[in-house]
Structures are given as C-alpha cells and as structure tokens.
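*Asks:* below: sequence and its predicted model.
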4 protein chains.
Amino acid sequence: MQDQPTKWYYEYITPELFLASHLKDVLYSGKTRYQRVEIIETTPFGRCLVLDGRTQSSEADEFVYHETLVQPALTALEEPRSVFIAGGGEGATAREVLSHGTVERVVMVDLDQEVVELCQEYLPNHHQGALQDPRLELVYADAWKYLEATEERFDLLVMDIPDPLEAGPAYLLFTQEFYSLAQTRLNPGGLMVVQAGPCGPLNYQETFTAVHNTMVNVFPAVSPYRCYVPSFGSPWGFVIASTGPVPDALSSQEVDARLAARLSRPLRYYDGITHQGLFHLPKYVREGLRTEERLITRGNPLYAV
Amino acid sequence: MQDQPTKWYYEYITPELFLASHLKDVLYSGKTRYQRVEIIETTPFGRCLVLDGRTQSSEADEFVYHETLVQPALTALEEPRSVFIAGGGEGATAREVLSHGTVERVVMVDLDQEVVELCQEYLPNHHQGALQDPRLELVYADAWKYLEATEERFDLLVMDIPDPLEAGPAYLLFTQEFYSLAQTRLNPGGLMVVQAGPCGPLNYQETFTAVHNTMVNVFPAVSPYRCYVPSFGSPWGFVIASTGPVPDALSSQEVDARLAARLSRPLRYYDGITHQGLFHLPKYVREGLRTEERLITRGNPLYAV
Amino acid sequence: MQDQPTKWYYEYITPELFLASHLKDVLYSGKTRYQRVEIIETTPFGRCLVLDGRTQSSEADEFVYHETLVQPALTALEEPRSVFIAGGGEGATAREVLSHGTVERVVMVDLDQEVVELCQEYLPNHHQGALQDPRLELVYADAWKYLEATEERFDLLVMDIPDPLEAGPAYLLFTQEFYSLAQTRLNPGGLMVVQAGPCGPLNYQETFTAVHNTMVNVFPAVSPYRCYVPSFGSPWGFVIASTGPVPDALSSQEVDARLAARLSRPLRYYDGITHQGLFHLPKYVREGLRTEERLITRGNPLYAV
Amino acid sequence: MQDQPTKWYYEYITPELFLASHLKDVLYSGKTRYQRVEIIETTPFGRCLVLDGRTQSSEADEFVYHETLVQPALTALEEPRSVFIAGGGEGATAREVLSHGTVERVVMVDLDQEVVELCQEYLPNHHQGALQDPRLELVYADAWKYLEATEERFDLLVMDIPDPLEAGPAYLLFTQEFYSLAQTRLNPGGLMVVQAGPCGPLNYQETFTAVHNTMVNVFPAVSPYRCYVPSFGSPWGFVIASTGPVPDALSSQEVDARLAARLSRPLRYYDGITHQGLFHLPKYVREGLRTEERLITRGNPLYAV
C-alpha cells in the first residue's frame, strides 16, 4: 500500500470514461483571459499542457501528434514556402513546419500570449527553440480576424487549436464560414490541415465526421486520416483540405524522397510507410464519414462533449 | 454531485496509468482453477470479459479485436479449410473463423471450461452461437499438450490467449519452443497468428517486439501489425508467421475479392483498405522491431507487466 | 499491478472529496418511482444500500449508525411504549426500536415499497427479521401525510430518512412546518430524533446546524450529538427534540441500568460511557450550533450538496 | 465534463479503501535521507504534509489533530514547565505546547532536518512561528538516542511521529523498550502522550489497541482517547501514559479553569466539554482495548498496513 501512486491526473474522454496518469508535479496552474491552463508532469507522459481540463500534448507522445498534424500536408506540397499556423502554443507545430528546408516564412497566430509564454518556459522539449527561428513571425490575435484582415496568401494553413468547447475560444474555427474564409487565403494549389477531434470506435462521430463533412462542403478535395495519441486516451482524427495535390495519393517512395531532400532534423513517427498507415482508415470510420450529414455553421455550431 | 457516476472499473495499463470506465453491473465474479474471472458491464464498453484483472474483450469493440486477429491471416490463405484456435473462450474468434465459407473444420482448445461456459451464458453478442456450429470441435485442454499429441495438421493456428502473466496460464505459449512445435503442426503454406501485447508509443517494447523477434527466429516469414482497441486502453499488436503467403503483400482489391467470395456475414472493421492500414506500422514501431534482440524461451520467459 | 483492486465505488462527500471502496459486487441496480437504488457489496463495508448515489448504511458499520439514531432517545424515555419510524427501509431502525422490551407498538412508514422489499431480500444482516415482529405495523406512505391523517400519538418519532436532496423525496421532512406537525403527534413527554446530516470539521454547517436551529425554533428542548460512520466518509450528526426528559442529562450509570432492564439483545456501540461521548461535542461544532441562524421552511428549504 | 476536477490525491486507508481529494498544487515532492516528502495543496484540506504516502496533517483540520495530541495531557498537568517533543516537524505541536504560559522549556527532537525546513517554508499556518520561540530548543537527532544520552527529565513527552511503517523511521518508537526508556526521562508525576494510529470501527485494532496494551505493560496508568481527523479518512487514536494525574478524571470545569489561566491564544477544538467527548470511547473500542493481547517489542515490532 505504501508504494501505491497517490497523485493522479484524470483525462476525461467522456463523462463515463477517463484515463488516469500518475501525477508527479503541477508546474503551473492558473487562468488566462481565455482559458484555464495547467502544465503538469505525469509519470507516463512527462510534461503536459492542459487547457480547460484537456491535454493538448505531452512530452512522451507529442512527436506522434505534431508530426501527424504537419508532415503529411507539408510533404504533399511540392515546394512549400509559406505556412500559417493557428494556435500551436507549445511551439512544436512551428518546429515541424520549420523542419522542411523549403519553408521561408511562417506566421503563427495564437490568441493567448500567456499560454505561449508558459510553454516557452516550461516545455522546452516541445518547442526546441522553434519560436526563435528568424523565418517565424508570432502574432497574438484571433486567427479569424487575422486572416480576414491580411492580404497575404499561404501554401499551407495548419489549424492546431483546442477542441470546440462550448465555453472555449476555438469553436468558431470549426465552422463552414471559417473554412470558406480560409480557402481564400491559400495560394493556388495550397492545403489546409485541421486537428479534428477523437477518432476511435466509440467517439469518431463526436466531432471528426462532422468536421470532415463541413470541409467537404467547402473544398474541392478532402483527405481524412488518424493516428493514436496515448495521452489523449484515444485515436485522433485529422483532415487535409486541398486545392491542389491530394496527400493520400503519395507513394511511400515519394514521401521518403521528399523528406530526404528537405528535412533539417530526423523524424520519429512519420515516413513513407507511416503515411500509408495514416490514410488507410478502418471500414467503420469510412462508413461514418460517408453517412455523416451534419454541417457545422456559426448558426449551428458543434460543441465537443 | 448527485449525477456523478459512482462505480468505476480500472483497467491498469501500467502501474502508473489506468483507464477507468463507469461500471454498471458485475454479472459474475469468481475464480476458476486457472484464473480470476469477472464478467462486468460498463457504460462505454458494454459487457466485458476480465481475466486476472485484464480486459480480454468488450461488446463495444470486440469486433475490432477479433476481426483483426482472424481476418488478415484467414484472408491471406487461398483456401483455408482447417483452423486451430488456442484459447478464444468468448467464442468470437471461432465466429470470425467460421465466417469464411471455405472453412470445414475448426478445433478450439481452451484450458478453462468454466470461462467458456460463463461466456456462453453471459456474452451472447460475442459468440453469436458460433460454438454450436457443427464444423467446430471444442476441447478443454492445454494447447501445448494437445498440439504435441495430435497428428492433425492445420492451415491456420490462431493464438487467442491472455497476456503472458507470471502467475497466469499462458506465458509458455509465447516461447520459441512452442512456436517450433506449432510450425510442425501447419499444413504446407500454413500460417499462425498471435495476439502479441500492447503496441502504443509507451508500451510496444513490453511484449510485442520480443514476441515478434522470437517468431522471426522460428518462421521463414513474419508480418507484424496492429490496431487500436479502446477497452484495452492501448493499440494492440499481432504477428502472423507464415510458411506460405505473406499477408502484407495482399492488395486491397484482392482482400475485398476474397472476402466477397467467402464471407457468410458482413464485417465491420476489416476490408481491403483496413488491411493496408493494419500492416503499415509507424516508424518508431518498425525501429523497435528492427532493434529488438530478446528471445523468449522456456528458460528465459517473458512476463507482461 | 495484477493484484490491484480494479472495481471501485466512489462515495462523494463533496464534489472535491470522495471515499473510494473496493467494489466486489453489484447485487441490485435500478430505479423505483422515487429514487435510484443500488445494493452493492464492498470489501471494507460489506453490503450497502445506496439511494440516489449516497450510502444509507453498510453491514460493517450500520450498528454504529442505527444504535446511535435510536438508542439514546429510546433510553432517555422512562417507559417507551409506542414508536413511529419515518423511513428506515433497511429494517435496522425497527430492529433497534424493538430491542427494548417496553415497546408495544411500532408504526413504520416508508414511502418506497420497492426499497423495503429489496432490503428484505438483500440485507438480512441489517433487518434480522425485525419487520416480521408482531408489534410492528408497516405502512407504505408519505410520512407527512400519514402523521397529518392519524389521530395516534407516540412516545418517540424516529426520522430515518435520506438527506434533503433537491430532487429527492425527503427534503420537506426537514422543515419547520413538519417539525411543528410532528410535535403534535407526541404523547406528553415524548421525543423525536432525526438524522441531521454530516458533522465533521469540513461539513457540519452544510445541514446539521440548520436542522438543529430549525428544531430549536419548534421544540422546548433540543439535544445535538454525533458519531463517526466510516461508510459515510464523515462523522454524522443527530438531533433529539424533547417535550420531556433531556437525554444528555442521563448519567452513564442510569443508561446502563435502563439497558440492562430492557434489552432483548446485546448492543455493540451504545452504552453509558458511549452516551457521554456522543453528546459532548467539540468546541467548533458547538460554536457552529450557537451562531447558526438559518431556519428551514417549505418556502426556504435546505438542499444537501 | 469540462468542470470535473481532474487532479486527485488518494489517501489510502487500507489497500481497498482510499479518500480522494481534489489536488490543486504540488508544492514540493522529493526524498530526504529518511522518507519521501510531499507538500501538496488540496481543495478540501488546503496544504498538507505527506510522508511516505500518508498525510501527517492538513491546514483544514490540523487544529483538531494537534490540539487533541497536546492539550489534554498538558492541561492534566498542574504546572507543566518542561516538554519533550519527538517528531512534530510541522511545528504545530510546538505551537500547542507553547500556548500554555507555564511552559518554560521545550526540546523538540526531529530526525529529519529537511522535513522541518520544508515545513518552515511551506506551512506557515501550521507553525505560526513557534519554532522561533526562545523557550524552544530544536535538535535534529534520533529521539531514542537523544533520550538515552540526556540526563534531563521532562514533565511531558509528546510522541508526534509517523505511523510505524516497515520501511519508515518510526516503528521502533512504538515498542515496549522505548516506552520503558521514556518513563525514566519523566519528572515525578510526568506524562507521555503518543499518537497511536487509526481508531474507527474498521481499523481500531490495526495499531491503536496494541500500542495501548504495550503502554499498559509499562506505565502505572494509561488513558486512551480519540478524535476524528477528516484528512486521515478515519478517527485517530491517542494514548496518555501517566505517572501522576489521570487526565480522564478531569472535570469540564477544571479543564476550562486551567485553560483560562494559562492559554496565550484561543483554541478551536479543545475545551472542557470536548475533553469529555474525547475520553468517553464507544463500547466496541473499549472492548477491543480490553481484549487486546499483543505486546510490541523490538523483537516483535508492529507495522502499520
């Protein structure tokens, strides 16, 4: 009994299902203008960023999440030069984007300066100094307003924002109206990728299929995919919208060749074979995508559980 | 507070990580000669078989586990007629095996008659009557001893046994000696498939890579793969050993064609595209497999955490 | 890890504090017309009755709760003959009342026939056959309506009802209006005793002090006391209202003499010395009682957390 | 779901029973030469000192524990001048001792300098500056060795040490041999008080009755008592051994008179009436004390669960 772990962090997946991790330390706990923020350290996952009670990423598996978010879309572009990131406070999305030598300019727009600064201080293994890269411009603003105001166009938009919680800052960025705006800010042939919520057998229809269906209504081509992120207690879904190349058509060989030519640092999760695994979704997920009819709009938004 | 769930089932993944599900009912709780047995019902997963404190399968996601265990190997065989199942007490492995019309004979050898009978009573949605199929012979025996004694040869051996727990009944069936025996009980060109333990970023090196390496030392060809099983709180690894066809070489079209020709009931998880997703493992898993050196033997067994 | 308990029952004390017990079995789980009912078995507490998510009593410590509820008031009466019980579905309150040989008539009025019948079936160690005693009349009715309609008067009223939950059936029985009615149904010199909610350092002001203050406003004399009930995760408060003898004035010797003369079965918790311990409350509780000003009325009811 | 507490501290009472508190912060977590130390902050209990996975005291209820440990014995002495404290790292035991104006000298011997210094830094509401009182001498040493070596005699010895854990530093201080040594270091008519482990219906026989019986074998008079400490998840037992006045014989009036004459600060828990409540133990506890036969010795030590 004396050797039992006594401190636990509960990550709720649904009200009736949670993943509990042995909690070693609470490095920060507070509230910003926009959300509750905690930076904790757990035995299984190391340091974790938790916003509004949900893990955004952990040291142990952020390589899975961030490589999966960024690398397929970036690799699918023949010569990506300019990238827009919405959110991405940990700095790890910027790190992945900047790993491709072709990239010349990154604009990262995060709403919450406090979160970005806390991550700079507490999560060095996440950002690895990426925010100091001279190619990156960091702006504290609302992504919607920023994109509306700018005349700049990008090769890739990366939506690395929290789940669409009812009380949270992100739910409007999961609507048809936002996707329509986003499309106008892409260079010809450009792509957008979004993290799209949980994607396991129990929860793929919570957010993922509806986000996918909404993007299908806006973009000419859409590629859903998923990976498993242990600290989320669930597989996680992503969707790439394309006005040009379609990522799931890439061969393993082509992925590996592009990575070899461009990467400034090795990857741990993603390569040509991984790429095939990501985009070949199980039958039940594909049927859920096919039969989904919900359309997410400002007037009819979607809230995560 | 009055609406909070108050009954919980903890599925330990490691001593510092568990998945907690709202527990609705305890249908059975007892000890057989071989192991602790519980049949519980949880809100997220429905009815679950739990042996020695570990979930073996649940109503909500057993289709993922059992189709993934059986269908790739069975489909890779051109005309599977005879199948041997070790374990499989829920009856769902037999259900999958019997779904292929080519199958003429199934021998299912389970050590624990009480478990099989409890599953017959409490888990009808798992077995769906498969154990009453006239093509199936059910034997209560030790799989090692049965295979040693029989002169019969099989097209496919399916190892659906619990993890190799130190105090449990199954750990000897994960050794080089057992695999060597098993190989001699295959018809020419036959296959064997084993459930091989957890396979997420945190735990793929606990059991999976060592089982794979041990099978590599015995069989001419070995194909590792994985799927995500929510009630296990982790992705799960499998390995097919082959003396004939290599399953990961099958095209999606070929898989779908064979299923269309043979299946007596529709599948929910597995088809040609799913097949590609299963066998294209992420980079870190493949590197773990490549660098693994442990060999599991009777003298040097492996015990799960 | 394999020896860790995996099934747990959470008893919430507040939303931020719960007591977790190893859950062995769920004997019954359902809903009556009035409330959610569970009969569970835990390792520390044995069989427990849980109504609306709150433990009402457990095999391991119901002797503490039921003796404390009944014995001080019953013993304080010189010759108790007639007793009214509101609630008391487990039958253990009746058991305690009937243990005094002077008692000739007990009327037990419980709202919920299903709960009483479930307790008869599943909690034999609680009731020990008390409901079959020929001195007891069991009525399924609302206690308020029953007392309003009856012309009978009693020596003792025992209020063994659930906490005043907002959605629950009992909160009106904690009001000034009910206590005023109750007083009129007492024989001259009669007493009423109520379970009055948690009474530890953190929670004595939730319900206990307000119930006490409301009774002070109705009755000529009021005696608060408490005991510790492990399965409630808290000490528990009680209040005796008196129109005659004042229980806290009884000496240990007098208590022991009366018990010796009257009891048909031995007690485990209560005797003369225990009596002194019950009524000598700690300083902070007495100051909380002294400074309490809330008055519970139908128009201004109190709801437990 | 988003408003559920996600960080929890588990206080194990037995392997099958724990109290879970919402964890707000981990102020310190580390290992000293002697034990694991954590200083945490929980919502129900505020800041807590946890040694080897067990709560030693919390801001919310340390007044209950420390007043109960110190005040009855100190008040029972007619004119206490010199006090020895073993343990007491939080400084709150010293605070209580120093609250009596008669006290001229306090020697506090704690094994673990790091724990004392951490408490000085993190638990100001506990110690309230008591360790800076010029009447107090603080020594970092083993209490046994210190008492063996000193020629000083004391009016009161206060044993405020952790439970006798097998791997912990304190179990030898619960033996007959230690009590025999301690008795020789008392002034004529002096007292010793020890915290003696949990004392609820489920656990009073774990430690409490054996400690009591061991002290009965050494001292001429012994007075057991208990209080309820919420953060321990259990009532807690104490034993006063006396070579002079017997505390349970004190009247409420005498206690109040002595406190009025001596106290330099008001108390929240203890006074004359509380004193009566503490020493009037329930029947089952008294029977457990009466029938206990275990004798704790160096050769046959007792370890807490």
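*Replies:* Okay, I see it.
*Asks:* what sits against the closest residue to chain D within the stretch 151-300 of chain A?
*Replies:* Here the residue of the stretch 151-300 of chain A nearest chain D is A:L165; by CB to the nearest CB that distance is 6.1 Å. All C-beta spots, glycine's among them, are computed from the backbone N, C-alpha and C. Under the criterion of CB atoms under 8 Å, 6 or more residues apart in numbering or on different chains, the neighbours of A:L165 are A:52, A:54, A:171, A:303-304, D:2.
*Asks:* looking at the residues you listed, which is nearest A:V239?
*Replies:* Among these, A:A304 lies closest to A:V239 (CB to CB), at 15.5 Å.
*Asks:* what separation is there between the closest one and chain C?
*Replies:* 22 Å (CB to the nearest CB, to the nearest Å).
*Asks:* what's the answer for A:R262, then?
*Replies:* Relative to chain C, A:R262 is positioned 44 Å away (CB to the nearest CB).
*Asks:* from what I see, that residue and A:G101 are in contact.
*Replies:* Yes. Between A:R262 and A:G101 there is a contact under CB atoms under 8 Å: 4.9 Å.
*Asks:* between these two, which one's more packed in?
*Replies:* More neighbours surround A:R262 than the other of A:R262 and A:G101, with 16 against 10 (other CB atoms under 10 Å in any protein chain shown).
*Asks:* from chain B, how far off is the more buried one?
*Replies:* Distance, A:R262 to chain B, by CB to the nearest CB: 16 Å.
*Asks:* where does A:P201 land on pLDDT?
*Replies:* pLDDT, A:P201: 89.
*Asks:* mind listing what it touches?
*Replies:* By CB under 8 Å, 6+ apart, A:P201 lies in contact with A:284, B:60-61, B:64, B:230.
*Asks:* returning to that earlier point: helix, strand, or coil at the residue of the stretch 151-300 of chain A closest to chain D?
*Replies:* The three-state assignment at A:L165 reads coil, by DSSP: H, G, I helix; E, B strand; the rest coil.
*Asks:* do you know how far it is from A:T297?
*Replies:* Taking CB to CB, to the nearest Å as the measure, A:L165 falls 18 Å from A:T297.
*Asks:* tell me the contacts of the residue lying closest to A:H127 once chain neighbours are set aside?
*Replies:* Leaving aside its chain neighbours, A:H127 sits nearest to A:G91 (2.7 Å; criterion: CB to CB, 6 or more residues apart in numbering or on different chains). With contact taken as CB under 8 Å, 6+ apart, A:G91 is in contact with A:116, A:119-120, A:123, A:126-128, A:130-131.
*Asks:* give me the beta-bridge partners of A:M192?
*Replies:* A:L157, A:A241 (DSSP bridges).
*Asks:* tell me how many other residues crowd it.
*Replies:* Number of residues near A:M192 (other CB under 10 Å) recorded here: 26.
*Asks:* same check on A:E148?
*Replies:* 12.
*Asks:* again with A:D256
*Replies:* 16.
*Asks:* repeat for A:A149
*Replies:* By the criterion of other CB under 10 Å, A:A149 has 10 neighbours.
*Asks:* do the same with A:N217
*Replies:* Using other CB under 10 Å, A:N217 is surrounded by 14 other residues.
*Asks:* pretty sure it is touching A:L295, no?
*Replies:* Yes. The pair formed by A:N217 and A:L295 meets the contact definition of CB under 8 Å, at 6.1 Å.
*Asks:* thank you kindly, that will do.
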